[in-house]
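In: no sequence on this one, just coordinates:
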């Protein structure tokens, strides 16, 4: 990739953004190599899939890469990931550090991509990352709706327990955090997360016509009617789409997948990246960046 400023589809892509893209593609290639080794099916998802179809690379205003896997393969990746991704790569799940998200991430520990209020959140690996989401069956019945609401309740508790640094929580929020903490310690926070996965796995993909992503952010922001459903048959076959000098796996029925996300996806509509207000450094580790920030702000 030519790492110089460039206008793409009327949008200025800076040299720094291209450096970030290069790290993202390195992470993606490592992930795809591991999945191939273990015969795990994986596909480009969301903006990455759209970029491959429409731009043969990144959407000019995008800043990360997304992939999806069927629940069964996703769970296998959780098992093998910690052994397959060695430094500088880091396989991040709920079980590896204080990470609280409901997806998997592959990170580069020698870089930094720091989202949110790093001072008030618990420490976890904050290297540049790519996201991996699970695809689950999404039947249209009342039992699934009940499960969805239970999962949403559990994930919110898990997030509040894992995300906030107890040293900085004050006032009424401190009491709430103590109550949530007592609940999580009583049942075991990792057991609660495993319970979420089991609830999702109960709806067998083979027995349903539609699948979708019931990820953490969907649970946080959407009601059940806004799940991005797509036909299961869209994933019956895998094709490969050019993405700069890579070939990304994609569902042959990518039209239905992209329509579920964007509607008329071939007409570019400039939007902000999903990760606004972040600190990115392709050459320094997240530890070094955070330590420097804290020193500059006189924070311990």
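Out: That came through fine. All values reported here derive from a predicted model rather than from experimental measurement.
In: look up which helix or strand residue 81 falls in, please.
Out: Secondary-structure assignment from DSSP states H and E places residue 81 in helix 71-84.
In: nope, residue 259 is what I was after
Out: Judged by DSSP H and E, residue 259 forms part of helix 254-262.
In: which SS state does the residue positioned nearest the centre of the chain fall under?
Out: In the chain, the C-alpha closest to the average C-alpha coordinate belongs to residue 131, at a distance of 3.1 Å (C-alpha atoms, centre = their mean). Secondary structure, DSSP: H, G, I helix; E, B strand; the rest coil: residue 131 is strand.
In: spit out the contact partners of it.
Out: Residues near residue 131 by C-beta atoms under 8 Å, 6 or more residues apart in numbering: 64, 65, 66, 67, 103, 104, 105. For glycine as for every other residue, the C-beta is placed from the backbone atoms N, C-alpha and C.
In: go with 10 Å
Out: By C-beta atoms under 10 Å, 6 or more residues apart in numbering, the contact set of residue 131 is 45-46, 48, 64-68, 92, 101, 103-106, 215, 217, 274.
In: so of those, which ones are in strands?
Out: Cross-referencing the contacts of residue 131 against strands under DSSP state E gives 66, 67, 68, 92, 104, 105, 106.
In: so residue 95 sits in a strand?
Out: No. Counting by three-state DSSP, residue 95 is located in no strand; its state is coil.
In: that one contacts residue 190, doesn't it?
Out: Yes. The pair residue 95 and residue 190 passes the contact test of C-beta atoms under 10 Å, sitting 6.3 Å apart.
In: which strands or helices does the helix or strand where residue 195 lies pack on?
Out: Taking DSSP H and E as the criterion, residue 195 maps to helix 189-201. Applying 3 or more C-beta pairs under 10 Å, 6 or more residues apart in numbering; DSSP states H and E, we find helix 189-201 packed against helix 71-84, strand 128-137, helix 142-163, helix 171-187.
In: quick one: neighbours of residue 8, just the number.
Out: 13 (other C-beta atoms under 10 Å).
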